[in-house]
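Trainee: sequence below, structure please.
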Amino acid sequence: MDHALVEFEPVKFQPVPVARLWGGHRLKSWFGVHTDEPIGEYWVLSGHPNGMSVAASGPFAGRTLAELVEKYPSAYLGNSPQPRFPLLIKFIEASQDLSVQVHPDDAYAQRIEGDFGKTEAWYILECPPGGRVVYGHHFRSRVDYCEAVEVGRVQEKLRWRPIQPGQVVFVPSGTLHALLAGTIVVEVQQTSDVTYRVYDWDRVDANGNPRPLHVDKAADVLRFDPDDPDAQTLPEAAIPDSSATGAPAPWRRLVTCPYFTMDYVRLEIGALTVQSGRSGNPDILIAVGGSGRLSWPGGDMAIRRGDTVLLPATLTQYTVVNDGLLELLRVFY
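Mentor: Purely as a prediction, here's the structure:
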């Protein structure tokens, strides 16, 4: 139970850097990370045991997100589709191509992995000129897919999608996908750490060993369309990319689906008062450009590019102020 005397306030968490074979070094300065290892992911808001967020400062400094959710569920969890915090926010830096992979839905992940499925969305921060991602495939059936894996022809069956900075790519579970070299994104996803690797560009690790593939499990969860293999069917409940509507001005709705909604705002002059996205649930603010301040009755904090802030559900209104320019993503569920 929440204690009546507790003053709930927005919380920043320490980023959890994750070394990856394909990672890079550019974002280390954003997050104060000092290591020679290539860092591929920075988990900036996570209730997953594989990378748990810890509050960086304030009255909850040193407390984990799991502890906040357990002790103060009405403030930091609300009406959640998972018993833990249901979203995981990452900054991802790909200096090499990521593996071609697919994620399961909730039903399969819970039955096989004891975890939740993963639907995600990428907000593109940077990409090379003419950038693209792997998105979808040309496999007509499970048999067609397994044969391509066996004879080493997966790459021929991939679909490619152009990208540019400021774009959102929505990736529902069951979608074959890969970020490619030179791409930096913010990823919003269900809280899950289940990935099935299909193809890894014939890459080997520091010991000369290829990373394991998950061919059979991937076949279980991939979507196949024998009548139109070029089609990438999306769930009707999801509205991908900037076609989404419903955000209050001056926000722009980027994507909405059963698991999360993502809005964007570019604030160049003055202050913006924000109503929480969904009554009874927390908001998440992610600074993707510039700097400014977040204020609420009783306090304020500086925010700058790379910061992610969890705002309690008890805070139904707050204000953001720019320092010349502030670009924000606002996520809620």
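
Trainee: phi, psi of D220?
Mentor: Dihedral pair for D220: phi -60, psi -30, per degrees, to the nearest 10.

Trainee: please identify which helix or strand holds the closest residue to it other than its chain neighbours.
Mentor: Using C-beta to C-beta, 6 or more residues apart in numbering and skipping residues adjacent in sequence, the residue nearest D220 is Y108, 6.5 Å away. No exception for glycine: its C-beta is placed from N, CA and C like everyone else's. For Y108, the host element (DSSP states H and E) is helix 106-112.

Trainee: what pairs with the helix or strand just after that helix, parallel or antiparallel?
Mentor: With elements assigned by DSSP H and E, the helix or strand that comes after helix 106-112 is strand 120-126. Neighbouring strands of strand 120-126 in its sheet, by DSSP bridges, are strand 168-171 (antiparallel), strand 183-190 (antiparallel).

Trainee: redo those as TSV? Include distance to V134.
Mentor: Below are those laid out as TSV (distance: least, C-beta to C-beta, whole Å):
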stretch	distance to V134
strand 168-171	10
strand 183-190	11
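
Trainee: show me the one of those strands that comes nearest P38.
Mentor: strand 183-190 (13.4 Å; C-beta to C-beta).

Trainee: sorry, back to before: do you know the pLDDT at the residue nearest to D220?
Mentor: Reading off the confidence values, Y108 has pLDDT 98.

Trainee: and it, how close does it get to K118?
Mentor: 11 Å (C-beta to C-beta, to the nearest Å).

Trainee: can you list the weak-confidence ranges in the stretch 151-300 of the chain?
Mentor: 226-244 (pLDDT under 70).

Trainee: try it again with 90
Mentor: 204-209, 225-249, 269-270 (pLDDT under 90).

Trainee: picking that back up, more neighbours, Y108 and K118?
Mentor: Using other C-beta atoms under 10 Å, the more surrounded residue of Y108 and K118 is K118, with 24 against 18.

Trainee: how about the residue lying closest to the more buried one once chain neighbours are set aside, what does it touch?
Mentor: Of all residues not flanking K118 in the chain, H103 sits nearest, at 3.7 Å (C-beta to C-beta, 6+ apart). Each residue near H103 by C-beta atoms under 8 Å, 6 or more residues apart in numbering is listed here: 109, 117-120, 171, 173-175, 192, 194-196, 221.

Trainee: and H103, how far is that from R63?
Mentor: 29 Å.

Trainee: and if you look at V18?
Mentor: 21 Å.

Trainee: what segments of the stretch 101-250 of the chain are helices?
Mentor: 106-112, 142-151, 215-221 (DSSP state H, counting those that start in this stretch).

Trainee: which among these is found nearest to V33?
Mentor: When the helices of the stretch 101-250 of the chain are ranked by proximity to V33 (C-beta to C-beta), helix 106-112 comes first, at 29.7 Å.

Trainee: contacts for the closest one, please.
Mentor: Against helix 106-112 from outside (C-beta under 8 Å, 6+ apart): 103-104, 115-118, 173, 190, 192, 194, 217, 220-221.

Trainee: tell me the one among those residues nearest to K71.
Mentor: Using C-beta to C-beta, these come closest to K71 at F116, 22.2 Å.

Trainee: doesn't L88 lie inside a helix?
Mentor: No - going by DSSP: H, G, I helix; E, B strand; the rest coil, the assignment for L88 is strand, not a helix.

Trainee: related to what we said a few turns ago, tell me which of the strands paired with strand 120-126 sits most buried.
Mentor: Among these, strand 183-190 has the highest mean neighbour count (mean count of other C-beta atoms under 10 Å), at a mean of 24.

Trainee: and L88, how far is that from P282?
Mentor: Counting by C-beta to C-beta, the gap from L88 to P282 is 14 Å.

Trainee: wait, Y264
Mentor: The spacing between Y264 and P282, counted by C-beta to C-beta, is 18 Å.

Trainee: if anything else comes up later, I'll come back, but that's it for now.
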